[in-house]
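Asks: Here is the input, now give the coordinates:
(one chain, ligands or ions: 1)
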Amino acid sequence: MEFFVDTADLEAIAELNALGLVDGVTTNPSLVKKVGRDFKELIAEICALVDGPVSAEVISVDAEGMLQQGRTLAGIAPNVVVKLPLTLAGLQVCKTLSGEGIATNVTLCFSANQALLAAKAGATYISPFIGRLDDIHIDGVDLISNIRTIYDNYQFETKILAASIRSPLHVKDCALIGADVITAPPPVISALANHVLTDNGLKTFLADAKSAGITI
Ligand code: E4P
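Replies: Residues are numbered from 1 along each chain as shown. Model (predicted):
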C-alpha cells in the first residue's frame with residue numbers, strides 16, 4: 001500500500017518525507033487556499049521535494065477548459081497527476097489525457113458506478129472520499145470494498161486511492177480491503193505510529209537501562 005500525504009503544506013510534506021513515509025502527495029483547491037501560495041509555483045516546489053506522484057486539480061468545469069488546464073499542470077513537472085472531477089466532462093478529459101500519456105486522478109467519487117466509469121475512462125487513480133460519506137451516515141469504507149471487487153472482477157488497472165481519510169481506523173480498514181493507496185492529512189499518518197503500550201514499554205525499558213547502568 002502506498003501512502004500519499006493530503007496537504008499543500010510544504011513543511012509538513014518535508015517532515016514526513018524525511019521519515020520515508022511519503023510515496024506521493026494529493027492537493028485540492030481548498031488545501032491550496034490554506035497555504036496562500038501561487039498554485040503553479042507551489043506544485044512545482046512539491047514536485048521537486050517528493051519523488052512520487054503529486055496531484056494538482058483543474059478548476060474549470062467544461063471539457064475544453066479542463067483539457068487546457070490539465071495540459072498546463074502536466075507541464076509543470078513529470079510527476080504531476082492531473083486531478084479531474086467525476087463529471088461526464090471530467091471523464092471525457094480523463095480519456096483524452098490518458099491517451100496522451102498524462103497521469104490522471106478522478107476525484108470526488110462517492111459511488112461504485114462512478115468508479116466504474118473512471119476506470120473505463122482510463123484513470124490512473126480513482127479517489128473515493130470515505131470521510132465525506134461517513135459525514136452523511138453512509139459507510140465510506142464499504143465503498144472502497146465495492147470498488148475493489150468491481151476492479152478485480154474486470155482487471156481494471158486504475159488504482160484505488162482512498163481519500164478523505166480522517167483516522168487511523170480508516171487506514172487499517174483500507175489496508176484490509178486492499179486499497180492501492182491512501183491519502184491522509186499529516187497528523188493521521190503520524191498517528192499510525194502511536195500506541196500507549198509502546199510509550200509505557202519504552203519508559204520502563206529506559207528506566208531499567210538507567211538503573212542497570214547500561215551504556216552503548
Ligand atoms: C483527496 O484527494 C482530497 O483532497 C481529500 O482527501 C479530501 O478530504 P476531506 O474530505 O477531509 O476534505
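Asks: from here on, contacts and neighbour counts on C-alpha atoms
Replies: OK.
Asks: helix or strand for residue 106, which one?
Replies: strand 104-109 (DSSP states H and E).
Asks: next helix or strand past that strand?
Replies: Note on strand 104-109: by DSSP H and E, the next helix or strand toward the C-terminus is helix 112-120.
Asks: Residue 157 and the ligand, how far apart?
Replies: Distance, residue 157 to the ligand, using C-alpha to the nearest ligand atom, to the nearest Å: 19 Å.
Asks: Name all residues that make contact with that residue.
Replies: Shown in contact with residue 157 (C-alpha atoms under 8 Å, 6 or more residues apart in numbering): 119, 124, 151.
Asks: Need the pLDDT of it.
Replies: pLDDT for residue 157: 98.
Asks: ok, it to residue 126 distance?
Replies: Separation of residue 157 from residue 126 (C-alpha to C-alpha, to the nearest Å): 10 Å.
Asks: shared neighbours of those two, anything?
Replies: residue 119.
Asks: Parallel or antiparallel, list what pairs with the strand holding residue 106.
Replies: Here strand 104-109 is paired, per DSSP bridges, with strand 80-85 (parallel), strand 125-128 (parallel).
Asks: Quick check: next helix or strand after the first one?
Replies: Along the chain past strand 80-85, the next helix or strand (assigned with DSSP H and E) turns out to be helix 88-99.
Asks: In the chain, what residue lies closest to the ligand?
Replies: residue 164 (3.4 Å; C-alpha to the nearest ligand atom).
Asks: Pull the contacting residues for that residue.
Replies: By C-alpha under 8 Å, 6+ apart, residue 164 lies in contact with 128-132, 183-184.
Asks: Keep only those of the residues you listed that are also close to the ligand.
Replies: 131-132 (C-alpha under 6 Å from any ligand atom).
Asks: buried residues in the strand holding residue 106?
Replies: 104-109 (16 or more other C-alpha atoms under 10 Å).
Asks: how about the strands paired with strand 104-109 in CSV, adding mean pLDDT and distance to residue 198?
Replies: Formatted as CSV, the strands paired with strand 104-109 follow (pLDDT from 0 to 100; distance: least, C-alpha to C-alpha, whole Å):
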stretch, mean pLDDT, distance to residue 198
strand 80-85, 98, 38
strand 125-128, 98, 33
